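K.L.:
output the structure for:
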Amino acid sequence: MALEQKPGDLQADPLVALEGAEDLPAIELTDPLWRIRLRLLWRNFKKNWGLFAENKIGLVGLFIIGVFALMAIAHPVLMATVWGGDNTEIYDPVIGYDAVVKEFIVVEVVTDPLSEIELIDARFTNINAQVGDIISQPQQPAPPSSKHLLGTDPLGRDVLSQLMFSTRAAFFLGMVAALVTVFIATTVGSMAAFFRGFVDSFLMRLADLILLMPLIPILIVIGGFWTIELWQLGVIIGVLNGFGGVAIVLRSQALAVSVKPFVDAARVAGGSKWHLIFRHVIPNVLPLSFLYMMFGVTEAISLEAVLSFFGLLNVDMSWGLMISVAQAEGYLLRGLDVWWLLFPAGMAVSVLAAAFFLVGRAMDEVVNPRLRQR
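P.N.:
Coordinates of the predicted model:
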């Protein structure tokens with residue numbers, strides 16, 4: 001039976017009577033309220049997805065994020081199958097080691113470092129070595145091969161295994177930082193806009209103070225005094241962003257919502273201040289909050305790489321730590337000679353951060369009415 005308005009329907013659920021019921025599937029009058037609301041949410045999701053899909057950069061960003069998500073899921077599967085068993089000691093991203101051996105010709109002066117070794121270096125492993133001898137030496141870092149698709153690092157660990165293992169840390173940190181940022185910034189911005197007066201002035205001056213402080217130096221100082229775990233870094237980034245610039249942006253949105261007629265109607269009906277904030281103001285600010293959550297993930301991934309590079313983060317393996325090992329062993333300025341030590345990790349940080357930024361830009365056209373393409 002198609003939806004028809006009967007006496008009492010408006011009071012039972014004004015959403016059904018007033019909000020585009022013609023776009024919904026046929027709804028029985030006996031349907032529970034939760035099912036009607038669920039269908040309304042599904043309709044809004046399809047509408048917003050259509051707006052999002054019109055922006056191709058957003059779809060590109062989602063595809064890239066999906067690729068990295070598959071990498072994070074595939075690593076434990078590979079460790080349990082192809083890389084497991086007797087190969088665990090080779091492909092473990094933290095303690096793995098593979099003694100890749102290569103033959104070199106002993107010469108007085110090296111002209112081809114890929115096939116020749118200087119006499120003085122050869123005698124470190126074979127004291128009786130002479131010019132013209134062919135000796136076998138462990139080669140670390142080893143270039144890409146069929147056994148190690150992205151080669152090995154200076155400690156003999158598989159680079160591809162490290163790259164895939166570190167993806168989980170990047171996603172975990174980004175999600176923790178983004179969720180903490182959204183929770184704090186939405187609450188702070190809504191309270192500042194609704195209560196105004198002293199509360200507004202105090203919270204906004206606090207946000208201005210945090211904006212004045214450089215984030216990376218602060219995190220470096222904190223890491224110098226305390227050992228920072230990955231989840232702690234996510235919370236710190238979320239708190240600083242939540243009380244900082246994101247709160248200022250969301251306050252502006254909350255100010256626009258707090259003067260809407262439906263908020264005044266709820267106030268006249270006897271709704272308390274906290275009821276108005278959590279029932280009416282915050283739900284209407286959340287879409288913009290989720291937009292800034294995407295940008296927060298981008299920042300968190302970049303900051304994690306920086307702190308890992310400086311050795312200030314207690315993490316088993318990450319992209320920043322991979323670059324740090326290459327730098328500590330003197331390979332950072334070798335460029336294309338050892339490209340597998342630098343480019344995979346560096347590109348992973350840049351590409352994943354860019355992917356979340358692209359998704360955020362596409363979401364901006366959904367959240368911001370002035371940017372929507374009708």
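
K.L.:
what's the top helix by length along the chain packed up against?
P.N.:
When the chain is parsed with DSSP state H, its longest helix is helix 159-195. Applying 3 or more Cβ pairs under 8 Å, 6 or more residues apart in numbering; DSSP states H and E, we find helix 159-195 packed against helix 56-80, helix 197-212, helix 230-242, helix 245-258, helix 273-276, helix 282-309, helix 319-328, helix 339-367. Backbone N, C-alpha and C define where each C-beta goes, glycine included.

K.L.:
quick check: angle from that helix to helix 230-242?
P.N.:
Angle between the axes of helix 159-195 and helix 230-242 is 40 degrees (criterion: axes from the mean of the first three to the mean of the last three Cα atoms, to 10 degrees).

K.L.:
before we move on, the earlier item: in JSON lines, list the helices and strands packed on helix 159-195 along with mean pLDDT, distance to V188 and mean neighbour count.
P.N.:
Output for the helices and strands packed on helix 159-195, formatted as JSON lines (pLDDT from 0 to 100; distance: least, Cβ to Cβ, whole Å; neighbours: other Cβ atoms under 10 Å):
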{"stretch": "helix 56-80", "mean pLDDT": "92", "distance to V188": "28", "mean neighbour count": "15"}
{"stretch": "helix 197-212", "mean pLDDT": "89", "distance to V188": "5", "mean neighbour count": "14"}
{"stretch": "helix 230-242", "mean pLDDT": "89", "distance to V188": "7", "mean neighbour count": "21"}
{"stretch": "helix 245-258", "mean pLDDT": "86", "distance to V188": "4", "mean neighbour count": "20"}
{"stretch": "helix 273-276", "mean pLDDT": "80", "distance to V188": "15", "mean neighbour count": "14"}
{"stretch": "helix 282-309", "mean pLDDT": "85", "distance to V188": "11", "mean neighbour count": "22"}
{"stretch": "helix 319-328", "mean pLDDT": "90", "distance to V188": "30", "mean neighbour count": "21"}
{"stretch": "helix 339-367", "mean pLDDT": "89", "distance to V188": "19", "mean neighbour count": "20"}
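
K.L.:
make TSV from these and add distance to Q139 to it.
P.N.:
Compiled in TSV, those are given as follows (distance: least, Cβ to Cβ, whole Å):
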stretch	distance to Q139
helix 56-80	24
helix 197-212	49
helix 230-242	33
helix 245-258	49
helix 273-276	66
helix 282-309	25
helix 319-328	16
helix 339-367	13
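
K.L.:
of those, which approaches I127 most closely?
P.N.:
Set against I127 and scored by Cβ to Cβ, those come closest in helix 319-328, at 28.8 Å.

K.L.:
so how far is that closest one from its chain's centroid?
P.N.:
20 Å (Cα atoms, centre = their mean, to the nearest Å).

K.L.:
now it - C-alpha only, PDB.
P.N.:
Output in PDB follows, covering the C-alpha atoms of helix 319-328 (Å, rounded to 0.1, in the frame of the first residue of the first chain):
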ATOM      1  CA  TRP A 319      57.300   4.200   6.000                       C
ATOM      2  CA  GLY A 320      59.200   6.900   7.800                       C
ATOM      3  CA  LEU A 321      61.300   4.300   9.600                       C
ATOM      4  CA  MET A 322      62.200   2.700   6.300                       C
ATOM      5  CA  ILE A 323      63.600   5.900   5.000                       C
ATOM      6  CA  SER A 324      65.400   6.500   8.300                       C
ATOM      7  CA  VAL A 325      67.200   3.200   8.100                       C
ATOM      8  CA  ALA A 326      68.400   4.100   4.500                       C
ATOM      9  CA  GLN A 327      69.600   7.500   5.800                       C
ATOM     10  CA  ALA A 328      71.400   6.000   8.800                       C
END
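
K.L.:
now do it and helix 282-309, the angle between them.
P.N.:
20 degrees.

K.L.:
what helices or strands is helix 319-328 leaning on?
P.N.:
helix 159-195, helix 282-309, helix 339-367.

K.L.:
for the shortest one, name the packing helices and strands.
P.N.:
Helix 282-309 makes packing contacts with helix 159-195, helix 215-225, helix 230-242, helix 245-258, helix 319-328, helix 339-367 when contacts are defined by 3+ Cβ pairs under 8 Å, 6+ apart.

K.L.:
how about a cut-off of 10 Å?
P.N.:
Applying 3 or more Cβ pairs under 10 Å, 6 or more residues apart in numbering; DSSP states H and E, one finds that helix 282-309 contacts helix 56-80, helix 159-195, helix 215-225, helix 230-242, helix 245-258, strand 313-314, helix 319-328, helix 339-367.

K.L.:
so which of these gets nearest T111?
P.N.:
Of those, nearest to T111 by Cβ to Cβ is helix 339-367, at 21.6 Å.
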